[in-house]
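**Student:** fold the following, please.
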Amino acid sequence: MSSLNFPIHFKFKISSLSNDFSATDNDGNTIAYVRQKMFKLKEDIEIFSDESRQQKLYRIRADRWLDFSAAYSFYDSSQQGIGKIARKGWRSIFKAEYEIIDQNEEFQFRIQEENAWIKIIDGLLGEIPLLGFLSGYFFNPTYLLEDKNQNGVVRLRKVQSFWGRRFIVEKLRDVEYDDEIRIVLGLMMMVLLERSRG
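**Tutor:** This next block holds a predicted model:
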């Protein structure tokens, strides 16, 4: 991913059996194509430059088998570790919470769901056949990413849609390019984990 021109849009493919989505910038240029390998006990996600999948940019891998508190490490094209995202286990049951860690194992950013009630309502209505279909249109979670000083850096929000799954990443504060990459990779992984809701 070259220089990032926010807002960035994540759009899932609805015609694919895989968990794939494209990331485009504010001008509509594709900056990444994200593909989740299916039927893996440990999450394995590949990030390519576009849908042709000719150039692999990054990889995200879980540190353990299916686990509620797994961490997901980021690797560049030379397999160098550049950071990770970790879900905050049981705290995420009521309100989704993740931490982004840098390449030196230092805490950098926290991602929190802004309104936990949306998660609860969506979960309840999602179990009712017809209302479950409509909940994806009306209940759309938003997530705020903050730095160590609790300053908002980016906000990710789900866009209303029945069939597709579209998300927008809006920048609230400037950070260094390497941090932007870690943030976007973290949000890509988080969206894959949280996508089944809303």
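**Student:** output the below-cut-off pLDDT ranges for the protein.
**Tutor:** 1-2, 15-18, 39-41, 65-69, 89-94, 116-139, 161-164, 196-198 (pLDDT under 70).
**Student:** in it, which helix is the longest?
**Tutor:** When the chain is parsed with DSSP state H, its longest helix is helix 177-194.
**Student:** contact partners for Asn29?
**Tutor:** Asn29 is in contact with Asn5, counting by C-beta atoms under 8 Å, 6 or more residues apart in numbering. From N, CA and C alone the C-beta is placed, and that goes for glycine too.
**Student:** where exactly do the strands run in the protein?
**Tutor:** Along the chain, the stretches classed as strands by DSSP state E are 8-12, 19-24, 30-36, 44-48, 56-62, 71-76, 81-87, 97-101, 107-113, 142-146, 152-159, 166-171.
**Student:** quick check: angle from the fifth one to strand 71-76?
**Tutor:** The one in question is strand 56-62. For strand 56-62 against strand 71-76, the angle by axes from the mean of the first three to the mean of the last three C-alpha atoms, to 10 degrees is 160 degrees.
**Student:** likewise the last one?
**Tutor:** In terms of direction (the same axes, to 10 degrees), strand 166-171 departs from strand 71-76 by 70 degrees.
**Student:** same check, this time on the first one
**Tutor:** Angle between the axes of strand 8-12 and strand 71-76 is 110 degrees (criterion: the same axes, to 10 degrees).
**Student:** list the helices and strands strand 8-12 packs on?
**Tutor:** In terms of contacts (3 or more C-beta pairs under 8 Å, 6 or more residues apart in numbering; DSSP states H and E), strand 8-12 is packed against strand 19-24, strand 166-171, helix 177-194.
**Student:** out of those, the one nearest Phe48 is which?
**Tutor:** Smallest distance to Phe48 across these (C-beta to C-beta): 9.9 Å, for strand 19-24.
**Student:** name the residues that touch the closest one?
**Tutor:** Here strand 19-24 has contacts from 1, 8-13, 30-36, 38, 51, 165, 184, 188, 191-192, 195, using C-beta under 8 Å, 6+ apart.
**Student:** before we move on, what about stretch 71-78?
**Tutor:** With C-beta under 8 Å, 6+ apart as the test, stretch 71-78 has contacts from 43, 45, 56-63, 81-87, 101, 182, 185-186, 189.
**Student:** what is the orientation angle of the longest helix of the chain with strand 71-76?
**Tutor:** 130 degrees.
**Student:** can you put the helices and strands packed on strand 8-12 in JSON lines and add mean neighbour count and distance to Asn151?
**Tutor:** As requested, those are arranged in JSON lines below (neighbours: other C-beta atoms under 10 Å; distance: least, C-beta to C-beta, whole Å):
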{"stretch": "strand 19-24", "mean neighbour count": "20", "distance to Asn151": "24"}
{"stretch": "strand 166-171", "mean neighbour count": "18", "distance to Asn151": "12"}
{"stretch": "helix 177-194", "mean neighbour count": "21", "distance to Asn151": "13"}
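**Student:** much appreciated, bye for now.
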